[in-house]
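Engineer: The sequence and its predicted three-dimensional model are supplied below.
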Amino acid sequence: MKYDLVIKNGKAVTAVTTFPADIAINGETIAAVGLGLHGRREIDAAGKLVLPGAVDMHVHLQMPIGRFVSTDDFYSGTAAAACGGTTSIIDFVETAPEETMVAAIAARRALADPRVVVDYGLHMTITPGDIPKLDQVPAAFAAGCTSFKLYMAYGHRLNDGQLLQALTAVHAVGGLPVVHAENWDVIQALVAENVAHGRTTPHWHPRSRPALFEAEATGRVIDIAAFVGTPVHIFHVSCGAAAARIATARARGLPVTGETCPQYLFLTQDVYDRPGIAGALPVCSPPIREEFEQAALWTAVQRGDLQVITTDHCPFTAAEKATGLANYSQIPGGVPSIEMRLAAVYGGGVARGLLTLPQWVDLCCTTPARLMGLARKGHIAPSYDADVVIFDPEAPWTVTPQTLHETAGWTPYEGLALPGRVQTTIIRGQVVAADGELQVGAGYGRYLRT
């Protein structure tokens, strides 16, 4: 039998094993996995790793923050994702004051649908202004938003009573709460004290957001979720103490998961001591922390105490970052990582012997797909979507703004040498990127009703 497309002679990598295999695709679906398969079109993957498309369940594209909008829009951000081996992303939607959740989803989709290159879904954000709208959660769930973002920081911060209400509403529909866990009261007090004493440079950013209180907030929302009886996922864990809270909860049998991001695995807080704008560029929250925290996070990932690596991709230009140089708390927060994640976790994890190939795939592809309810993504097997990445472990490259397709014009990982990179990205049977060049146009991606 001849298939539409066969990826031949590669080493298939799943979340549980590796094996030599040909991957056969008919239409948009994986049709067979075996040896000696033939297709009307064939791609030779000899010497390459063949894995399911990566899923980044935490990105902010075209996201308004204050007077700025994150630099990568739905086209440039998903094009960069595709070139980096990410075939599905989950972004965010927020309601305006008089807007329903379903109307907000429709408005966000109107921006994304004509522009996306990869498949995408949306988390519904629940802010204090949305507490009176919690009766709309079932409609948002039915419209495809099956995960709900809860903040414990910023203007979107929910107090403990509001967290209880939101968690209860999400649990009632079988949704997944995803949480930014920090202690906002402590942060505000420390920022005010620093600014009052003239301590306004980015050096003070991590010192205003202590790891101890990230862990405290993580434990607090886990306890509230346990009282409600709902699963909960903790976003962008930046320290060992927060990872330990998650591990302890899981040891008690609680349905808690957590993630970390490349900025916490590859950078340390001395980046904030760089002069001028260079120190402002890596400002994100939670902050990048000390070297021992980086080591603790790698250990947590290795042991399975953290189950996912995402990016929290939310870049701003250098000029936009510079607007906060007089007061670090006014710097728009976020860094670009959407394109380098898959190769970086291979280089920093697998190539260094910290992770196995299946762990790499589980962290970047399979578990995020499962958590987001993407039943046809994140695995290589018949009947799954033909989202496949061919990765060359012997193609070294160096991360620079010139080697990326992101639009911020800078990367916090500039100069990071990686041993391998994505060669080909296939989404639903179509090659969307090959050798760093996009092969499809805007709008190829589809909305995922997660």
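Structural biologist: Arrived safely. Just so it is clear, the model here is predicted, and its values are computed rather than measured.

Engineer: Tell me which stretches of the chain form helices.
Structural biologist: In the chain, the segments counted as helices under DSSP state H are 74-83, 101-112, 137-142, 160-173, 184-196, 211-228, 240-251, 262-266, 277-280, 291-303, 318-322, 341-345, 357-361, 367-371.

Engineer: now the ones you listed as a markdown table including mean neighbour count?
Structural biologist: Glycine gets a C-beta too; all of them are placed from N, C-alpha and C. As requested, the helices of the chain are exported to a markdown table (neighbours: other CB atoms under 10 Å):
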| stretch | mean neighbour count |
| --- | --- |
| helix 74-83 | 28 |
| helix 101-112 | 18 |
| helix 137-142 | 19 |
| helix 160-173 | 19 |
| helix 184-196 | 16 |
| helix 211-228 | 20 |
| helix 240-251 | 21 |
| helix 262-266 | 23 |
| helix 277-280 | 19 |
| helix 291-303 | 18 |
| helix 318-322 | 17 |
| helix 341-345 | 25 |
| helix 357-361 | 22 |
| helix 367-371 | 24 |
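
Engineer: Which among those helices is found nearest to K48?
Structural biologist: Minimum separation from K48 across those (CB to CB) falls at helix 357-361, 12.4 Å.

Engineer: Average pLDDT for that closest one, rounded please.
Structural biologist: The average pLDDT within helix 357-361 is 98.

Engineer: please begin residue numbering at 51 from this point
Structural biologist: From this message on, residue numbering opens at 51, which makes the last subject helix 407-411.

Engineer: That one - contacts with which helices or strands?
Structural biologist: Counting contacts by 3 or more CB pairs under 8 Å, 6 or more residues apart in numbering; DSSP states H and E, helix 407-411 packs against strand 52-63, strand 99-102.

Engineer: Kindly compare burial across those strands and name the winner.
Structural biologist: Most buried of the helices and strands packed on helix 407-411, by mean neighbour count (mean count of other CB atoms under 10 Å): strand 99-102, with a mean of 28.

Engineer: residue ranges with poor pLDDT in the stretch 151-300 of the chain?
Structural biologist: For the stretch 151-300 of the chain, applying pLDDT under 70 flags no range at all.

Engineer: and E444, what does it touch?
Structural biologist: Contact analysis of E444 by CB atoms under 8 Å, 6 or more residues apart in numbering lists G97, P469, G470.

Engineer: Now it. Its backbone dihedrals?
Structural biologist: The phi/psi pair for E444 (degrees, to the nearest 10) reads phi -120, psi 30.

Engineer: same question, the one 5 residues further on
Structural biologist: Backbone torsions for V449, taken as degrees, to the nearest 10, come to phi -70, psi 120.

Engineer: thinking again about what came up before, most neighbours, which of the contacts of E444?
Structural biologist: With neighbours defined as other CB atoms under 10 Å, the most crowded of the contacts of E444 is G470; it has 20 neighbours.
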